[in-house]
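**Student:** Quick one: sequence plus predicted model below, questions after.
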Amino acid sequence: MSSVKVECVVKASAVIGEGPVWEESQQHLLFVDIAGQKIQRWDSVTNHTQSVETDDMVAFVVPRKSGGYVAGVGRSIVAVDWSTQKLTSLVDVDEDKPNNRFNDAKVDPIGRLFAGTMGREVRPTVVEKQQGSLFSVTSDLTVTKHLDQVDISNGLDWSLDQKTFFYIDSLSRTVDAFDYDSDTGSISNRRVIYRMEDGEGFPDGMTIDAEGRLWVACYNGGRVINIDPITGVRLQTVSLPVTKITSCCFGGVDYSDLYVTSASLGLNETEIKHQPLAGGVFRVTGLGVKGLPSNSFSG
C-alpha cells in the first residue's frame, strides 16, 4: 500500500468551497466558493489563484468546448469569459421557484451538462426540503428535467461504459445509481448502491476513478470514502484535517492526485481554531489510483 499524504494547497478559507475541476491544458484547478460568490482558478505551476466575482451564489464551473467556461449562478447557467471577467446568461431553470439555486453539476462524455438545484439555505445548515430538481442541458441549450422533489442535488458521475449514472441527493444519505442512455441522456431504474454509515456525515460531491470506483466527499464527516459501486463496499477512507468536505476530483500529473474542497460555513470560533484550514483545497497523493479527464460542455 502506498503512503497517502494530505496537504493543503490553497488556503482559500472558502465559505463553501465546491466543484473542483482539473484543466489539463493549463494545469489549473477550477473551483467555486458558493456563498463567497466567486469562481477561482488555482495554477498548480505558479501556486497563484485568480478569481472572478459573481453577483449571486455560484455553484459550479466547467470548461466549455467553444472556449471559456460555463457556471451555475443562482438559477442561471452563464458563460464565463475569464479574460474580461464577463458573465453572460445562457438559460434559466426553476422559473417557478425563485428561491432555488443551482448546486453541483458535471458534464457527461457526450458533452451534456447535468446540473441540479436546491432550495436556498434558510440558515447555514437548514434548507427547505424537496424544492430541488435535476436538469440536463444540451449544446443547443435545451433543458430537460429528470427529477424533482430533490432535497440537495449533489454529486454525480457516469460509469466507464456510460451505462450507469451515479447521483447523490445529500439528505437521503445514500449514493444512488440509474440506468443511463447516453444517446438520449435519459435516466431510469433508480436504486441505492451505498448507504452512509454513522460518522460518515452526508454524501456531497463525488468523482469516479479509472477503475470505475467512486470517491465520495463526506460533509460533516471529515473524509473522502472510496466505494465499489458494483458491490456497495467501502474500500478506503481518506481522513482530512477539516470536517466539512464538499467535493473532489482527480488531477495533476497522470490524474494521480485527488483534489478535495471544503467549507467553513457554520463553524463556531472554537471549531475554526481546531480547523484553521477549513475552506481550503487539499491535495491527496499516494492513493495508487488515477482519475479521468473532465468533459467539456458542448454548448
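**Tutor:** Here it is on my side, so go on.
**Student:** What's the local residue count around residue 169?
**Tutor:** Number of residues near residue 169 (other CB atoms under 10 Å) recorded here: 23. (Glycine included, C-beta is placed from N, CA and C.)
**Student:** Repeat that for residue 200.
**Tutor:** Residue 200 has 20 neighbouring residues, counting by other CB under 10 Å.
**Student:** Provide the contact partners of the one helix or strand residue 91 maps to at residue level.
**Tutor:** If you go by DSSP states H and E, residue 91 is part of strand 86-92. By CB atoms under 8 Å, 6 or more residues apart in numbering, the list of residues contacting strand 86-92 from outside reads 52, 54-55, 70-71, 73, 75-81, 137, 141, 143, 299.
**Student:** make it 7 Å
**Tutor:** The set of residues external to strand 86-92 that reach it, using CB atoms under 7 Å, 6 or more residues apart in numbering, is 54, 70, 73, 75, 76, 77, 78, 79, 80, 137, 141, 143.
**Student:** what stretches of this protein score poorly on pLDDT?
**Tutor:** Low-confidence segments of the chain, defined by pLDDT under 70: 1-2, 123-125.
**Student:** Spatially nearest residue to residue 34 (excluding sequence neighbours)?
**Tutor:** residue 16 (4.0 Å; CB to CB, 6 or more residues apart in numbering).
**Student:** give me every residue that touches that neighbour.
**Tutor:** Residue 16 is in contact with 33, 34, 35, 246, 263, 265, counting by CB under 7 Å, 6+ apart.
**Student:** As JSON lines, those with neighbour count and distance to residue 219 would be great.
**Tutor:** JSON lines is the format used below for these (neighbours: other CB atoms under 10 Å; distance: CB to CB, whole Å):
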{"residue": "33", "neighbour count": "25", "distance to residue 219": "15"}
{"residue": "34", "neighbour count": "27", "distance to residue 219": "13"}
{"residue": "35", "neighbour count": "18", "distance to residue 219": "14"}
{"residue": "246", "neighbour count": "28", "distance to residue 219": "6"}
{"residue": "263", "neighbour count": "27", "distance to residue 219": "8"}
{"residue": "265", "neighbour count": "20", "distance to residue 219": "10"}
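**Student:** Can you say which two of those are spatially most distant?
**Tutor:** Spatially, the most separated pair among those is 35 and 246, at 11.5 Å (CB to CB).
**Student:** Which parts of the stretch 151-299 of the chain are strands?
**Tutor:** 153-158, 164-169, 174-181, 186-195, 202-208, 214-219, 223-228, 233-239, 245-251, 257-262, 281-285 (DSSP state E, counting those that start in this stretch).
**Student:** can you tell me how far residue 38 sits from residue 293?
**Tutor:** 25 Å (CB to CB, to the nearest Å).
**Student:** Quick check on these two: which one has the bigger neighbour count.
**Tutor:** residue 38 (18 against 11).
**Student:** Tally up the residues packed near residue 53, please.
**Tutor:** So residue 53, with other CB under 10 Å, has 11 neighbours.
**Student:** Same check on residue 82?
**Tutor:** Residue 82 - counted by other CB under 10 Å - has 15 other residues nearby.
**Student:** How about the contacts made by the nearest residue to residue 292 once chain neighbours are set aside?
**Tutor:** Spatially, and ignoring its direct neighbours in sequence, residue 292 is nearest to residue 210 (5.8 Å; CB to CB, 6+ apart). With contacts defined as CB under 7 Å, 6+ apart, residue 210 is in contact with 289, 290, 291, 292.
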